[in-house]
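# This is a predicted model, with the sequence first.
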Amino acid sequence: MLNIWIVARRELSAYFTSPLAYVFIVIFLALAGGLTFFFGQWLERGQADLQVFFVYHPYLYLFLIPAVGMRLWAEERKSGTIEFLLTLPVTTGQIVIGKFLAAWVFAGIALALTFPMWITVNMLGQPDNGVILAAYIGSWLMAGGFLALSACVSAMTKNQVIAFVLASALCFVFMMSGVEIIQSFFRAWTPQTFVDSISELSFLTNFGEVSQGVIDIRDLVFFFSVIGIALFVNTAIVEAKKGV
Amino acid sequence: MTTLLDIRGLTKKYGPITAVDNVSFAVDQGEVLGFIGPNGSGKSTTMKIVTGFLAPTSGVVEVGGLDVTRYPLEIKRRIGYLPEGAPLYGDMTPISLLNFVCKVRRLSKEETRRGIDYAVEKLHIANVLYQPIETLSKGYKRRVGLAQAIVHEPDLLILDEPTDGLDPNQKHEVRELLKEMSGKKAVIISTHILEEVEAVCSRAIVIAKGRMVADSDPLSLQSRSRLHNAVGIRLPVGQAQACIQMLNGLGGVHQVRTMVETASMVELLALSTDSSEILGAVHTAIDEKGIQVDEIYVERGRLEDVFRDLTYAAEGLRQDPDAHPEASNA
């Protein structure tokens, strides 16, 4: 446990010593706000809620989260520090979890910095703050799912750009698996039960419910399962690619 | 003497390529082992297996009696390791890196303070402690890499090309440090700088194509050189002809080479037939013939020669007895 914490702290401070952290936070806040006001027409709707704020999160995360996750392993492999890190008395699993947590906390900080929206909506009306809190939690969980997938892809390559592009593509597949295009692709050659189970894997479907304020245990299980499985695969990839 | 590292029948394969082929050796406390071999001979791979970074294909590696594949964390605690090229986090400062390493290694506050003080003093990095590592010169980066390897006072210190890229003064300092630390520890360094082996190592292992081709102390390794016990003579040009004649007639002299020839001075090298002592005979003959010489010295042999012979033989390359770069360089 302590090892995970030590690794996570180093990793988190690495985010903030590079300009990446500040660029990311500024872009995230600007896009999240801009989409809500201009595309979501938040003020014009005349409703005291953050529905239109959260509805854009999956699309924002689609390319912003891979940008956070791309460096996690690709950078270590490129610079050779992976050899330094893995010969310290820490297990690979602890490092995988520590790195993931650092990135997840970082995403959480960026998300938390959208708090002025929450304050604003409370000044303008009487929103259901429970729903908003649930949606924040859901959004953070979804970010975690995307991050775990990105970290997993990052472990496969030394090149951060490749990691970014592949992670975005993988996140897209997971996000859209409930949508008709992806469904029809699988329907042509797989049984219906498989198609249904794929749609269950959709981030959009699972996030949609949480963002309405309904924290269903199945949605929590879904996101934690995605994170758990992705990190397990991540560990296996790191172990397998050490000597290469 | 306690055996700190015991390797038995170590083999590592990457697909069809055998990087390390049935290597066995043990290292005791107090030894400084020089691991020498051409690039790609398997030095680094062996080190990576000992430090637990790579898993062996077969064979046993024990550090302090513990098997590396079964007790990876315990052995990693006992080892200090400088990977090839000293990769470090460029965004960190040396002090934050050292603190991170101490934390991961679970040193107490007191041990951390003592360890960092010791490493900082030994490696002279006090003046760069608060600068990002990526802004440091190559020499400083290497020293920070060494500092993180010794901060926890490991039993076994493994350094992959520790002086590569350092200037002569820095090399000297690192060597002094290695000598000083060797008492209670075992140190393994890989290098292809052979003077380093002569300067710091109590033992040398030559590895080529993944196989061990020699394991002895540097002096006896030197004595395998064709030039071992050869006698060098520097004398005025006028005396050269007489001297060459005399040497050619002398029993025990196998060959006479002219190493250097200038307008006023000639340097000859008389090779001994079977590397036996010929200085006495040469000296007596010079006196008897009344040949006037400026300098006589005994060649101990050159590690470069031995290294080339051993590794060429292992790699199946052509050995050319007439190719002696030191003669043509001179």
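Okay, I see it.

# element containing residue A:74, please.
If you go by DSSP states H and E, residue A:74 is part of helix A:71-79.

# That helix vs chain B: in contact?
Yes - when contact is scored as CB under 8 Å from any CB of the partner chain, part of helix A:71-79 falls within range of chain B: residue A:79. Glycine gets a C-beta too; all of them are placed from N, C-alpha and C.

# on contacts alone, who are the packing partners of the helix or strand just after that helix?
Remark: after helix A:71-79, the chain's next helix or strand is helix A:81-86, criterion DSSP H and E. Judged by 3 or more CB pairs under 8 Å, 6 or more residues apart in numbering or on different chains; DSSP states H and E, helix A:81-86 is in contact with helix A:71-79, helix A:92-112.

# The same query, at a cut-off of 10 Å, please.
For helix A:81-86, the elements it packs on are helix A:71-79, helix A:92-112, helix A:217-241, helix B:43-50, strand B:79-82, helix B:94-104, helix B:138-150, judged by 3 or more CB pairs under 10 Å, 6 or more residues apart in numbering or on different chains; DSSP states H and E.

# any idea of the mean pLDDT in the first one?
So the one you mean is helix A:71-79. For helix A:71-79, mean pLDDT is 93.

# what angle sits between the helix holding residue A:74 and helix A:217-241?
Counting by axes from the mean of the first three to the mean of the last three CA atoms, to 10 degrees, helix A:71-79 lies at 0 degrees to helix A:217-241.

# Now do the buried residues in stretch B:264-281.
Neighbour counts over stretch B:264-281 (16 or more other CB atoms under 10 Å in any protein chain shown) mark B:266, B:267, B:268, B:269, B:270, B:271, B:272, B:275, B:278, B:281 as buried.

# need the strands for chain B, in chain order.
Here chain B has its strands, by DSSP state E, at B:3-14, B:17-28, B:32-36, B:58-63, B:66-67, B:79-82, B:156-160, B:186-191, B:203-208, B:211-216, B:231-236, B:253-261, B:265-272, B:295-298.

# So what's the residue count around residue 100?
Reading this off chain A. Residue A:100 has 26 neighbours, counted by other CB atoms under 10 Å in any protein chain shown.

# nope, chain B
19.

# try the one 5 residues further on
Residues near residue B:105, counting by other CB under 10 Å, number 21.

# Surely it and residue B:154 touch.
Yes - using CB atoms under 10 Å, residue B:105 is in contact with residue B:154, at 9.2 Å.

# Report the contact partners of residue 197.
You didn't say which chain, so I picked chain A. Going by CB atoms under 10 Å, 6 or more residues apart in numbering or on different chains, residue A:197 touches A:177, A:186, A:190, A:191.

# my bad, the chain I had in mind was chain B
Applying CB under 10 Å, 6+ apart, the residues near residue B:197 are B:32-36, B:189, B:191, B:203-206, B:217-218, B:221-222, B:303, B:307.

# which non-adjacent residue is nearest residue B:43?
residue B:190 (4.3 Å; CB to CB, 6 or more residues apart in numbering or on different chains).

# meant to ask about residue B:115, not that
residue B:151 (4.2 Å).

# The one you found: neighbour count?
Residue B:151 has 25 nearby residues by other CB under 10 Å.

# isn't it right up against residue B:121?
No - contact criterion CB under 10 Å: residue B:151 and residue B:121 do not qualify, at 11.7 Å.

# if we can go back for a sec, mind giving me the ChimeraX select for the contacts of residue B:197, buried ones only?
The buried residues among those can be selected in ChimeraX (16+ other CB under 10 Å) with this line:
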select /B:32,33,34,35,36,189,191,203,204,205,206,218,221,222,303,307
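
# sorry, back to before: in JSON lines: the strands of chain B, plus mean pLDDT and distance to residue A:150.
Putting these into JSON lines (pLDDT from 0 to 100; distance: least, CB to CB, whole Å) gives the following:
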{"stretch": "strand B:3-14", "mean pLDDT": "92", "distance to residue A:150": "29"}
{"stretch": "strand B:17-28", "mean pLDDT": "92", "distance to residue A:150": "32"}
{"stretch": "strand B:32-36", "mean pLDDT": "91", "distance to residue A:150": "39"}
{"stretch": "strand B:58-63", "mean pLDDT": "94", "distance to residue A:150": "35"}
{"stretch": "strand B:66-67", "mean pLDDT": "94", "distance to residue A:150": "36"}
{"stretch": "strand B:79-82", "mean pLDDT": "94", "distance to residue A:150": "30"}
{"stretch": "strand B:156-160", "mean pLDDT": "94", "distance to residue A:150": "32"}
{"stretch": "strand B:186-191", "mean pLDDT": "91", "distance to residue A:150": "36"}
{"stretch": "strand B:203-208", "mean pLDDT": "90", "distance to residue A:150": "41"}
{"stretch": "strand B:211-216", "mean pLDDT": "87", "distance to residue A:150": "43"}
{"stretch": "strand B:231-236", "mean pLDDT": "88", "distance to residue A:150": "66"}
{"stretch": "strand B:253-261", "mean pLDDT": "84", "distance to residue A:150": "64"}
{"stretch": "strand B:265-272", "mean pLDDT": "86", "distance to residue A:150": "66"}
{"stretch": "strand B:295-298", "mean pLDDT": "88", "distance to residue A:150": "66"}
